[in-house]
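Trainee: from the sequence below, what's the structure:
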Amino acid sequence: MNEFSRRKVLASGGALGALGALGMASPAMAWTWSPSGSIAGTGAGADPSWVWDQEADPLLASLLDRDDVPEVNRLLWDWTRNDQELPRELPQDLRAFMERARQLPPWADQRKLELAAEFNKSRGIYLNLLNGVGGGMLSTAIPKEARAVYYSKGGADMEDRVAKTSILGFAVGDPNAYRPDGSVVVEAVKTRLVHAAVRHLLQQSPGWKQTSGGQRIPISQEDMLVTWHTLPTFAMRRMLDWGVPITRAESDAYLHVWQVTAYLLGIREEYIPATWNAAYAQSDQVLGRKMGTTPEGVELTDVLLGQLAEQTSPPLGVTRPLCNALARYLVGDQVADWDAIPREPVWEPLISEAWPLLVKFRENLVPLPAVPEVAWTIDEAARQYILFYLTKGKETKIDIPTINRPR
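Mentor: You can find the predicted model right below:
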């Protein structure tokens, strides 16, 4: 941890130190979400913080122990389409698992998936901004996630890490997402394999073990649910806050595409919310007990916002203060304080006034003269940032790690 990041943690205030204890659930914060609100409609009701991936985890541990992963990565490099056959040279146990894992659940509704694709296209600027910048800021304020990222291999190269994370996000939002020539099935299954590998590897990391807060194995089912809620649940709530017109059918379809994606990532059906009300209730329970500040999260936030400013500054003159203010606007002051994002008294009121007007203009609710110039700067900055990671994603692919973060 560099001295700059340490100073930012110390400067973020005394209240922040107390909030940093979040994520260590007290008896009053025990898991109470009912499986009756899930896609399955029933379940054991077991606390998902003690449930992992019973099928993928032993398989990836075996592949790592057999030193098969480098060859697996080579074989899967060109596996890119939903309808593409798996390489026959894959180890037999892995190939059998992946054939099962790539199958859509019986409740998948192709009509809803098609409508979700249209919704993702028409609302792309909001969704990419919320899932990319907003979701990134939320993830660094989740201690378990921030530490898992920081001490895994990806934490040593955040540009590459964000690009690989973006691959799955862009695949979900692609118009062809669940069509034969789409790629979301491929990227979700690959991500499930990566999670299983990281679970095995991080248990060998001294840095992770020293900061895990007693967690025996990383990336539990609850951890995955928390991350899931920083994406569709957070995005839907913010779009509604902004007054984006969304029909009931569009809302249901957007939830459905993420329900199917959760299933492909290995989240059990008894934990996948069946409705938005169930999702909001689950999110309110798990996010509150999982968020807080960590030195790792603060450092990762600084890297992410630095990348945003760096990639949008040359063409647009976007400054780091503007990026700080935009991040605060997206996630709110509490999360921004956990991430130690500086206050920007000049930019914050400008963004809070300008962005809602830009949304209204996009939805044909106000005339163009009502939209301040700064709104278009933010709009184009978001486009440039998204374009950078989309392009970067085409140059790299999700692969299974074989090591933790180098010391």
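Trainee: which other helices and strands does the helix or strand hosting Arg100 contact?
Mentor: Here Arg100, judged by DSSP states H and E, is contained in helix 92-101. Helix 92-101 is packed against helix 56-65, helix 184-202, with contacts defined by 3 or more Cβ pairs under 8 Å, 6 or more residues apart in numbering; DSSP states H and E. Where C-beta positions appear, they are placed from N, C-alpha and C, glycine not excepted.
Trainee: show me what the shortest one is packed up against.
Mentor: Other helices and strands packing on helix 56-65, by 3+ Cβ pairs under 8 Å, 6+ apart, are helix 92-101, helix 184-202.
Trainee: deepest in the core, which of these is it.
Mentor: Mean neighbours per residue, mean count of other Cβ atoms under 10 Å, is largest over these for helix 184-202, with a mean of 23.
Trainee: now the angle from that helix to helix 92-101?
Mentor: With axes from the mean of the first three to the mean of the last three Cα atoms, to 10 degrees defining the directions, helix 184-202 sits at 130 degrees from helix 92-101.
Trainee: ok now helix 184-202, how far from the chain's centre?
Mentor: 14 Å (Cα atoms, centre = their mean, to the nearest Å).
Trainee: output that helix as CSV, restricted to C-alpha atoms.
Mentor: Only the C-alpha atoms of helix 184-202 are listed here, as CSV (Å, rounded to 0.1, in the frame of the first residue of the first chain):
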residue,chain,number,x,y,z
VAL,A,184,-22.6,-14.1,-22.7
VAL,A,185,-22.9,-17.9,-22.1
VAL,A,186,-19.2,-18.3,-22.9
GLU,A,187,-18.1,-15.3,-20.7
ALA,A,188,-20.3,-16.4,-17.8
VAL,A,189,-19.0,-19.9,-17.7
LYS,A,190,-15.4,-18.7,-18.0
THR,A,191,-16.0,-16.3,-15.1
ARG,A,192,-17.4,-19.2,-13.1
LEU,A,193,-14.2,-21.1,-13.7
VAL,A,194,-12.1,-18.0,-12.7
HIS,A,195,-14.1,-17.6,-9.4
ALA,A,196,-13.4,-21.3,-8.6
ALA,A,197,-9.7,-20.9,-9.3
VAL,A,198,-9.5,-17.8,-7.2
ARG,A,199,-11.2,-19.5,-4.3
HIS,A,200,-8.5,-22.2,-4.4
LEU,A,201,-5.6,-19.8,-4.9
LEU,A,202,-6.4,-17.1,-2.4
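Trainee: looking only at pLDDT, what's the mean for that helix?
Mentor: In this model, helix 184-202 carries a mean pLDDT of 97.
Trainee: what helices or strands is that helix leaning on?
Mentor: Using 3+ Cβ pairs under 8 Å, 6+ apart, helix 184-202 sits against helix 56-65, helix 92-101, helix 143-151, helix 158-173, helix 248-264.
Trainee: helices or strands up against the helix or strand following that helix?
Mentor: Following helix 184-202 in sequence order, the next helix or strand is helix 206-211 (DSSP H and E). Judged by 3+ Cβ pairs under 8 Å, 6+ apart, helix 206-211 is in contact with helix 143-151.
Trainee: I figured Leu90 hits Val69, correct?
Mentor: No. Leu90 is beyond contact range of Val69, at 11.5 Å (criterion: Cβ atoms under 8 Å).
Trainee: re earlier: let's have the helices and strands packed on helix 184-202 in JSON lines, adding distance to Glu344 and mean pLDDT.
Mentor: Below are the helices and strands packed on helix 184-202 laid out as JSON lines (distance: least, Cβ to Cβ, whole Å; pLDDT from 0 to 100):
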{"stretch": "helix 56-65", "distance to Glu344": "43", "mean pLDDT": "98"}
{"stretch": "helix 92-101", "distance to Glu344": "44", "mean pLDDT": "98"}
{"stretch": "helix 143-151", "distance to Glu344": "23", "mean pLDDT": "94"}
{"stretch": "helix 158-173", "distance to Glu344": "22", "mean pLDDT": "82"}
{"stretch": "helix 248-264", "distance to Glu344": "31", "mean pLDDT": "98"}
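Trainee: nearest to Gly288, out of these?
Mentor: helix 143-151 (13.0 Å; Cβ to Cβ).
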